[in-house]
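Structure, please.
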Amino acid sequence: MKRRACLAAWAASPWLVRAEPPWMPTAPLVFGFDEGSLPTMYRVPGRVAAQGLYPAVVGAACAALGWACELRALPFRRVLAEVGVNQQLAGAVIRTPEREQRWLFSQPYYLERLSVFSAGAPYRGLGDLSARRVGVIRGWSYGVAFDTARARGDFTCEEVAADAHNFAKLVRGRLDFVIATELGGRLLTQLPPFVGRLVEGIVPLGATPIHVALARGQAGAGELLSGFNAAVERLQRDGQVVALVAREMAAAVEVMAAHPPAG
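Numbering: from 1, shown residues only. This is a model prediction of the structure:
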């Protein structure tokens, strides 16, 4: 009897440290992804949910935490504009000084390598772009060095919604260079319209860490980012991100066969 009373008193003690339950979002988290960047993030015709490597990683992290989420494929400028609208998050963006003023960022969950493709002499460095026409994706940042040179007017950028459009312009002579993700560019150069006609640069343009971003002041931001970062770290440590790269590249090949990208 005395032992039971002691246990009851210990349980009621104000100095007892109780484990807090894990943080959970009060509603499904909504992540926006670019709809035209196959194989990293894209929309399959007839579907709303985003497909590709980046939605797969974000979805796997949320699933590991027991968080419900929606992965939406949208025009990239809409992804950027809607961060914080109804607590929507950007699922795959790079960190820039301008964005840091408005958003909070997760730790990077993937290092995206950027390649420069051409139909003539291969790219060797940023100086090669001087006074040239360069194809880029609408709304994207390509790192400080490139963005600074672009703002200075060192070259002319032509924006489109998807890499395939730029590659088509490149083989027709309407562009001098195209910047694409290493994964996406190499996949596109295997398609019949481009095979054997384009070359990848001798050096990459650079590598940009990919983050989840949310608006400053969003409720639960600290807990959300802390949980997400820990889940991604476990995925990386267990080799699951590498496995997702292989799976999503294979899926992208099937998608391109079923739905050849329009130039």
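
hey, where'd the strands end up in the chain?
In the chain, the strands defined using DSSP state E lie at 29-34, 36-37, 41-42, 69-74, 89-93, 103-105, 110-118, 133-137, 156-160, 177-181, 199-200, 206-215.

List the contacts of the nearest residue to Ala252 once chain neighbours are set aside.
Closest residue to Ala252 in three dimensions, ignoring its sequence neighbours and counting by Cβ to Cβ, 6 or more residues apart in numbering: Pro39, at 3.3 Å. Every C-beta, even on glycine, is put in place using the N, C-alpha and C of the backbone. Pro39 makes contacts with 52-53, 183-184, 187, 248-249, 251-252, as judged by Cβ atoms under 8 Å, 6 or more residues apart in numbering.

how about the residues you listed, which pair is most distant?
Greatest spatial distance among the contacts of Pro39 (Cβ to Cβ): Gly184 and Ala251, at 13.4 Å.

neighbour count winner among the two?
Between Gly184 and Ala251, Gly184 has the larger neighbour count (other Cβ atoms under 10 Å), namely 27 against 17.

Distance-wise, check the nearest residue to the more buried one once chain neighbours are set aside relative to Leu89.
Take Gly184 and drop its neighbours on the chain: the residue closest to it by Cβ to Cβ, 6+ apart is Asp163, 5.3 Å away. When Cβ to Cβ, to the nearest Å is the yardstick, Asp163 and Leu89 sit 24 Å from each other.

for stretch 108-127, what is the average pLDDT?
What stretch 108-127 shows for mean pLDDT is 97.

ends of that stretch, how far apart?
Using Cα to Cα, to the nearest Å, the end-to-end distance of stretch 108-127 comes out at 29 Å.

What residues of it count as buried?
By neighbour count, and taking 16 or more other Cβ atoms under 10 Å as the criterion, the buried residues in stretch 108-127 are 108-110, 112, 114-119, 123, 126.

Contact partners for the residue nearest the centre of the chain?
Within the chain, the residue whose C-alpha comes closest to the C-alpha centroid is Ala92; the distance, by Cα atoms, centre = their mean, is 2.7 Å. If you count contacts by Cβ under 8 Å, 6+ apart, Ala92 has them with 33-34, 40-41, 54-55, 58, 210-212.
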